[in-house]
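Enquirer: Here is a sequence with its predicted model. Questions after.
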Amino acid sequence: MRLIVVGSGGSQPTPKAGCACRVCTAARRFGGRHQRAGPSLYVHEGAVLIDTPEEINARLVALDLAPQAVFWTHAHPDHAAGMRVIEFLAQARGRPVRGYVPHELYPELMRRYPLEHMARRGWLEVTRFAPERPLQVAGLRWMALRHAEEEPIYSYVIEGAAGRVLYAPDHYQTLPVPEGRFALAVLQVPRLPQAALPAPLPPTHPAFRRFKAWEAVLEEWRGKTDRLVFTHLYEAIGLLPEEYDRLARTAGDWVGFAHDGMALELGEEADPLALFEAFRARQEEIARRYAHDPRRMREEMRKLLADPVYQRLKKGFRRGS
Ligand SMILES: [Zn+2]
Ligand SMILES: [Zn+2]
């Protein structure tokens, strides 16, 4: 299973227009990992996108992705307000995008966004489904988990031959955490330790009510997942990417923080040969795709070599040679 964190931001993007905070200032100055679009995840198998934040069109362009299906977690703007991208994707392919929506979420998405308009124009083909009934999409099994909230809010379990993935980008505190082991959990960032923050939170801060604590979430997932990646990284937390990395290192190498464009691959620990084959396949894909544009081809090859998923492979080559 191959996944890409399309956007790793929280309810507001980084940088924000007009904001002079250290995180937004660094994002304007350095770009790259400092910039965070609204939270969404792309799954290569079936070309499935989870959520359409406001900046989704620009993010899909930047990553050269063209999803053919979309799931939504909930109707908040940082997860759904960029829905019009469906119009562009459908026009580009000349066929409708498939939209998968839990029954209870449908009226909420319809009330707030042009869901019905897009269906009427033939750009979107909606399948409404019951969360307790898993869906099969391109060989993967998708299951929606309903959060214990009045509003319809969902997380997704995606299951394939390489194992199970949980994508729970928001409202983690109200998620009924499923039983059993996971290969990967991509979760909403918890309340971080006070010592890690640029300024400690006052005891009345809403984060104490709305978020589980860092230690509690690590405890909950230790031994339950091979890899834990935190996303929905709020600009308001005030941390820079290297500060997130430092904090992750204190937890161990199974924990990390997401960044926009982060590639996540399942099964590479178990099978280095499969990782090598995936690497070769991507090399060939790039060579084929940019055969008429050598500059772009070189640039894409460089990006591929820098992809953290394949760093292990490079180390292995060096050891082996
Ligand atoms: Zn959100
Ligand atoms: Zn800011």
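Expert: Arrived safely, thanks for sending. Ligands and ions are numbered 1, 2, ... in the order given.

Enquirer: tell me the contacts of the residue of the stretch 1-150 of the chain found nearest ligand 1?
Expert: The minimum distance from the stretch 1-150 of the chain to ligand 1, using C-beta to the ion, falls at Asp78 (4.2 Å). Heads up, the C-betas are built off the backbone N, CA and C, glycines and all. By C-beta atoms under 8 Å, 6 or more residues apart in numbering, the contact list for Asp78 reads Gly9, Gly10, Ser11, Gln12, Gly38, Pro39, Pro53, Glu54, Asp170.

Enquirer: host element of it?
Expert: Taking DSSP states H and E as the criterion, Asp78 maps to helix 77-80.

Enquirer: State the mean pLDDT of that helix.
Expert: Average pLDDT, helix 77-80: 98.

Enquirer: circling back to that earlier point, can the contacts of Asp78 go into a markdown table with extra columns for pLDDT?
Expert: Output for the contacts of Asp78, formatted as a markdown table (pLDDT from 0 to 100):
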| residue | pLDDT |
| --- | --- |
| Gly9 | 98 |
| Gly10 | 97 |
| Ser11 | 96 |
| Gln12 | 97 |
| Gly38 | 98 |
| Pro39 | 98 |
| Pro53 | 98 |
| Glu54 | 98 |
| Asp170 | 98 |
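
Enquirer: Nearest to ligand 2 among those?
Expert: Proximity of the contacts of Asp78 to ligand 2 (C-beta to the ion) peaks at Gln12, which lies at 8.1 Å.

Enquirer: Next, count neighbours for Arg133.
Expert: As a burial measure, Arg133 scores 8 neighbours (other C-beta atoms under 10 Å).

Enquirer: where's it relative to Ala75, distance?
Expert: Using C-beta to C-beta, to the nearest Å, we find Arg133 at a distance of 21 Å from Ala75.

Enquirer: Next to ligand 1, which bits of the stretch 101-250 of the chain? Give me the list.
Expert: With C-beta under 5 Å from the ion as the criterion, the stretch 101-250 of the chain meets ligand 1 at residues Asp170.

Enquirer: Next up, the contacts around the residue in the stretch 101-250 of the chain that ligand 2 sits nearest to.
Expert: As assessed by C-beta to the ion, ligand 2 sits closest to Glu235 within the stretch 101-250 of the chain, at 4.9 Å. Residues near Glu235 by C-beta under 8 Å, 6+ apart: Gly9, Gly10, Gln12, Pro13, Thr14, Pro15, Lys16, Cys19, Cys21, Val23, Cys24, Arg36.

Enquirer: nearest spatial neighbour of it, skipping sequence neighbours?
Expert: Distance criterion C-beta to C-beta, 6 or more residues apart in numbering; nearest residue to Glu235, sequence neighbours excluded, is Thr14 at 4.3 Å.
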